[in-house]
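Undergrad: Here is my input; please provide its structure:
(one chain, ligands or ions: 1)
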Amino acid sequence: MYVLTDGAVADVDGTRAADVAIADGEIVGVGKAAVTEAVEALDDADVTRVDVSGKVVAPGLVDAHVHVMMDARPDVATAADETDFTASFRAARNLRAAAEAGVVAVRDLGSRGTLALDAGELVVEGALTGPRVVACGRNVIMTGGHGNWFGREADGPAEVRKAAREQLKDGADVLKCMATGGVLTEGAVTGAPELTPEELEAFTDTAAPTNTPTAAHAHGDAGIENAVRAGITSIEHGTFMSAETADLMADEGTYWVPTASALHGIVDNGVEAGIPEDAVRKAEDAVDAFADAWEHALDAGVTIAMGTDAGTPFNTFEGIAGELAYMVEYGLSPAEALEAATVNAADLLGLDDVGRVAEGYRADLVVLDADPNEEVAAWSEPASVYLGGERVI
Ligand SMILES: [Zn+2]
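TA: So this is what the prediction gives:
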């Protein structure tokens, strides 16, 4: 058992002074009285006290959009020639980096075959150190569509249904499709719709019997609207979202995962850093629209879940705190960014045991040098990280 003493606790319920007791992978007490009771209930009194005075215990971060097999290289297309083994080693490395940065759960939205699903099983087994992994298997995309080098190409509602069922058969926790073109696929037009409304309907309908959440990559407004009307659970990127579509998302309860780090990773580094010119040009064209999308989403009250798209150019797993900083730059308060990166993202991933520092929750915690409800920079370089009650750093 660990008892974190004399610090503060910060989560979506606010910031307050409180000790925290951890045993058997769970939070078993928060606050002096509850911690004393938890310690007394243990026979063996095998308690490690950790002084966290002046520090703040917060829930670990949940990243709703990553690619565990990708390594943030400038030109993602060059990874297509690598073997599946190489991609798997990269995933192991990325998961450890994420854990050390304070990430306790990730949602992989596209990998080769069952790579991310398998990585998730190894994390549960304890063979890999990393956050829990919720994964989609392969992306379902139109023939020649965005991300076609690792996606499952499918055309027409029947084939889309089959492609989605294949992912469910492989154990997918979420289904992901491409509703529009993208920035990183040469020749793809960023905002152009890809899967049709009928194909998107077939996609969400396939997920419905098992209540499997669905995610759609969508930049252009028409594609976003198509996906929302088809009942998609979350819109990824949402770059060209209009005010009307933001209202529709708020009405439908559709989550938005903005992935600001993906856009900024490309724009801020540019062609000089080796990013293909086509991708840089498309990202630059999207920057102003993305700022507008934030205004529309905030005005409409769209529920935002944090996601980085880690693995895309210059968007590393260890750099997750940057996404929270971007969210604050685009208009969230530090407390709202915390909410997006903890409870909102946990809800989207279907995890009901992370996101708060409360009794009965998993001991997936970070110890920070400042209060993240006040200062978003508090998330960078956690002093320590606990994953399922085990201290990682
Ligand atoms: Zn992605």
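
Undergrad: and Asn315, how many neighbours?
TA: 26 (other CB atoms under 10 Å). No exception for glycine: its C-beta is placed from N, CA and C like everyone else's.

Undergrad: Asp71 now?
TA: Asp71: 20 neighbours (other CB under 10 Å).

Undergrad: I figured it hits Arg90, correct?
TA: Yes. Asp71 lies in contact with Arg90 (CB atoms under 8 Å); the separation is 5.1 Å.

Undergrad: For the top helix by length along the chain, C-alpha coordinates in CSV please.
TA: Taking DSSP state H as the assignment, the helix of the chain that covers the most residues is helix 277-300. Taking C-alpha atoms only, helix 277-300 is exported to CSV below (Å, rounded to 0.1, in the frame of the first residue of the first chain):
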residue,chain,number,x,y,z
GLU,A,277,5.1,19.7,-49.2
ASP,A,278,1.5,18.5,-50.0
ALA,A,279,0.8,17.8,-46.3
VAL,A,280,2.3,21.2,-45.2
ARG,A,281,0.2,23.1,-47.8
LYS,A,282,-3.0,21.3,-46.7
ALA,A,283,-2.3,21.8,-43.0
GLU,A,284,-1.6,25.5,-43.5
ASP,A,285,-4.9,25.9,-45.4
ALA,A,286,-6.6,24.3,-42.4
VAL,A,287,-5.2,26.5,-39.6
ASP,A,288,-7.7,29.4,-39.7
ALA,A,289,-10.7,27.1,-40.2
PHE,A,290,-9.6,25.0,-37.2
ALA,A,291,-9.6,28.1,-34.9
ASP,A,292,-13.1,28.9,-36.2
ALA,A,293,-14.1,25.3,-35.4
TRP,A,294,-13.1,25.8,-31.8
GLU,A,295,-15.3,28.9,-31.6
HIS,A,296,-18.2,27.1,-33.1
ALA,A,297,-17.8,24.1,-30.8
LEU,A,298,-17.4,26.2,-27.7
ASP,A,299,-20.5,28.4,-28.6
ALA,A,300,-22.6,25.3,-29.2
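
Undergrad: so for that helix, what's the average pLDDT?
TA: Taken as a whole, helix 277-300 has a mean pLDDT of 96.

Undergrad: That helix: which residues count as buried?
TA: Ala279, Val280, Lys282, Ala283, Ala286, Ala289, Phe290, Ala293, Trp294, His296, Ala297, Ala300 (16 or more other CB atoms under 10 Å).

Undergrad: okay, now the nearest residue to Gly60 once chain neighbours are set aside: neighbour count?
TA: Sequence neighbours aside, Val104 is the residue nearest to Gly60 in space, at 3.2 Å (criterion: CB to CB, 6 or more residues apart in numbering). Look at Val104: counted by other CB under 10 Å, it has 29 neighbours.

Undergrad: Please apply the same query to Gly274.
TA: By other CB under 10 Å, the residues close to Gly274 number 13.

Undergrad: roughly how far apart are the residue nearest to it when sequence neighbours are not counted and Ala64?
TA: In this structure, Gly274 finds its nearest non-sequential neighbour in Pro74, 3.5 Å apart by CB to CB, 6+ apart. Using CB to CB, to the nearest Å, Pro74 is found at 24 Å from Ala64.

Undergrad: With neighbour numbers in mind, choose between these two.
TA: The neighbour comparison of Pro74 against Ala64 (other CB under 10 Å) goes to Ala64, with 30 against 20.

Undergrad: and the more buried one, that one's in a strand?
TA: Yes. Ala64: assigned to a strand according to DSSP: H, G, I helix; E, B strand; the rest coil.

Undergrad: And it, how close does it get to Ala215?
TA: Look at Ala64 and Ala215: by CB to CB, they are 8 Å apart.

Undergrad: now Val106
TA: For Val106 relative to Ala215 (CB to CB), the value is 13 Å.

Undergrad: cool, and Thr245?
TA: Following CB to CB, the distance that separates Thr245 from Ala215 is 16 Å.

Undergrad: Also Val3?
TA: Distance, Val3 to Ala215, using CB to CB: 39 Å.

Undergrad: Neighbour count for the two, which is higher?
TA: Neighbour tally, Val3 and Ala215, criterion other CB under 10 Å: the higher count belongs to Ala215, 27 against 21.

Undergrad: Confirm that one sits in a strand?
TA: Yes. Secondary structure assignment places Ala215 in a strand (three-state DSSP).

Undergrad: Would you confirm that it contacts His237?
TA: No. Using CB under 8 Å as the test, Ala215 is too far from His237 to be in contact (10.5 Å).

Undergrad: can you list residues touching both of the two?
TA: Val257 (CB atoms under 8 Å, 6 or more residues apart in numbering).

Undergrad: did I read that right, Ala105 in a strand?
TA: Yes. Counting by three-state DSSP, Ala105 is part of a strand.

Undergrad: and it, how many neighbours?
TA: For Ala105, using other CB under 10 Å, the count is 27.

Undergrad: if I read this right, it contacts Asp63, doesn't it?
TA: Yes. Proximity of Ala105 to Asp63 meets the contact threshold set by CB under 8 Å, at 7.3 Å.

Undergrad: which residues are in contact with both of those two?
TA: Pro131, Ala345.
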